[in-house]
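# Everything below, folded, please.
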Amino acid sequence: MVAGVFVAERTLHPARRSLSVKDETQAQAVAHSHNSELANVAIPARDGATLSAWSIRPRNSNGRAVILLHGLSDNRLGMIGYAELFLSHGFIVLMPDARAHGTSGGQLATYGLLESEDIHRWFDWLQQNQHPGCIFGFAESMGAAQLLQSLHSETRFCAVAAESTFSSFREIGYDRVGQFFNTGPWLGRTVLRPVVEGAFGYAKWKYQLDFEQVSPQSIVARTKVPVLLIHGQNDSNIPIRHSRRIAGDNPTLTLWEVPDTEHCGAISTAPQEFEQRLFHWFGDHSPAQGKLL
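Next comes the predicted model:
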C-alpha cells in the first residue's frame, strides 16, 4: 500500500517547468518571423483553476486553427517547433499550458480526467474569439492522451493527430512499473500488480479521481472525429503497442508507424513526411476550405 501511495502522489504531482521571460521572448520572435501576433490568454476551468495559453494569429490566416498540447512536465514552449510549422501554413495556433503545468493553475495532473473539460473550454474560446472555419488538434505524449480522451464529449474537431499516446492509464501504469525495474510491462501485470491497484485505489479515495476512466482506446473506439495516430517504432517511453491497441478498435483511423524513431521523434527523423502526412490529413478533413499542400 505504501508503494501505491508513493506512485500515486508522484504521478499526480509531476515536476512543473516554469515559463520564463526568455520563453516569452522566444515565442514573440517566432510570431514576428511568421508575420503573426501573439497574445497571452487566460480562462477559468470548471473547478476555478486559471488556465493559461498563447494565441498566435497570422495576419494572413487560412481560416483554420489548431490546439497544440504538450507532454508531461513540459509547458507550452515545448510545442513551439510545431507552432512554427502550423504558422507557416497559415493556421491560428493556440498553445495552452496543461493544468498543473507551466503557468496554468491546478494542483493535480489528471491525464485527461479534468483536462478533457479544459480542452472543451479552449475550443469554445477559439470559436468565440478567433472564429475559425475548422479547429484541429495536435498533441504529443501526455497531451496526445488528453486530446484523445477529450473526444468523448468534444465532437467539434474537424480532425486530430496524436503522437506517442498511451492507450489507457492502467496499461501505461504497467509500463511505468516495469521501466522502473528495467523490465517489460509483465512485472506490473503480475508481481507488482498490487502497487498499480493501490495507486488507483488511493487516487480514488483521497482525490475522487477514477483513473479507470482514462482510456483513449475506449474513447477513440466510439468517436466519429477523424484520428491520425503517429508513433515511433522504437519508442521506449510509451511503446508502440499502445497506438496499435487503439487502432485495433477503430478501423477508420490511420496509424503511421515511424521506423527508427523514438518517443515523439517523427518530426526529427522524417520531417518532410511528417509535414506531408499531417497537412494532407487536416486538408482532407476540411474539404469546404480546400487542401493545405
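# if I look at residue 130, how far off is residue 254?
Separation of residue 130 from residue 254 (Cβ to Cβ, to the nearest Å) stands at 27 Å. C-beta coordinates here come from the backbone N, C-alpha and C atoms, glycine included.
# who has more neighbours, these two?
Using other Cβ atoms under 10 Å as the criterion, residue 130 and residue 254 rank with residue 130 on top: 16 against 13.
# Would you confirm that the more buried one contacts residue 93?
No: contact criterion Cβ atoms under 8 Å: residue 130 and residue 93 do not qualify, at 10.0 Å.
# Could you tell me which residues touch both of the two?
Contact with both residue 130 and residue 93 is made by residues 55, 57, 65, according to Cβ atoms under 8 Å, 6 or more residues apart in numbering.
# ok but the last one is inside a helix, no?
Read it as residue 65. No: Residue 65 sits outside any helix when classified using DSSP: H, G, I helix; E, B strand; the rest coil, being strand.
# For it, give me its contacts.
Residues near residue 65 by Cβ under 8 Å, 6+ apart: 91, 92, 93, 94, 126, 130, 132, 134, 135, 136.
# Closest to residue 204 out of those residues?
Ranked by distance to residue 204 (Cβ to Cβ), the contacts of residue 65 are led by residue 94 at 31.9 Å.
# Can you classify the closest one by secondary structure?
strand.
# For beta bridges, what are the partners of it?
residue 55, residue 67 (DSSP bridges).
# quick one: contacts for it?
By Cβ under 8 Å, 6+ apart, residue 94 lies in contact with 41, 53, 54, 55, 56, 65, 66, 67, 68, 122, 125, 126.
# Report the buried members of those.
41, 53, 54, 55, 56, 65, 66, 67, 68, 122, 125, 126 (16 or more other Cβ atoms under 10 Å).
# Find me whatever residue is spatially closest to the third one, sequence neighbours aside.
What sits nearest to residue 54 in space, not counting adjacent residues and going by Cβ to Cβ, 6 or more residues apart in numbering, is residue 95, at 4.6 Å.
# And for the one you found, the neighbour number?
Residue 95 has 27 neighbours, counted by other Cβ under 10 Å.
# For this structure, name the helix or strand with the lowest mean pLDDT.
One helix or strand of the chain scores below all others by mean pLDDT, DSSP states H and E: helix 186-189, with a mean of 84.
# Which elements pack onto that one?
For helix 186-189, the elements it packs on are helix 169-180, judged by 3 or more Cβ pairs under 8 Å, 6 or more residues apart in numbering; DSSP states H and E.
# The helix it packs on - contacts with which helices or strands?
Counting contacts by 3+ Cβ pairs under 8 Å, 6+ apart, helix 169-180 is packed against helix 186-189, helix 193-207, helix 241-248.
# buried residues in that helix?
By 16+ other Cβ under 10 Å, the buried positions in helix 169-180 come out as 169, 170, 171, 172, 173, 174, 175, 176, 177, 178, 179.
# same question, stretch 27-47
For stretch 27-47, a neighbour-count test (16+ other Cβ under 10 Å) marks 27, 30, 31, 34, 36, 38, 41, 43, 45 as buried.
# Columns secondary structure, pLDDT and distance to residue 265 on top of the residues you listed, output as TSV?
Compiled in TSV, these are given as follows (DSSP: H, G, I helix; E, B strand; the rest coil; pLDDT from 0 to 100; distance: Cβ to Cβ, whole Å):
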residue	secondary structure	pLDDT	distance to residue 265
27	helix	97	23
30	helix	97	21
31	helix	97	26
34	coil	97	24
36	strand	98	27
38	strand	98	27
41	strand	98	29
43	strand	98	32
45	coil	97	31
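# about what we covered before: can you list the residues that contact the least confident helix or strand of the chain?
Residues contacting helix 186-189 (Cβ under 8 Å, 6+ apart): 173, 174, 175, 176, 177, 178, 181, 195, 196.
# The last one touches residue 171, doesn't it?
No: if you go by Cβ under 8 Å, residue 196 and residue 171 don't touch, sitting 10.1 Å apart.
# just to revisit the earlier point, between the contacts of helix 186-189, which sits nearest residue 219?
Nearest to residue 219 among the contacts of helix 186-189 is residue 173, at 17.6 Å by Cβ to Cβ.
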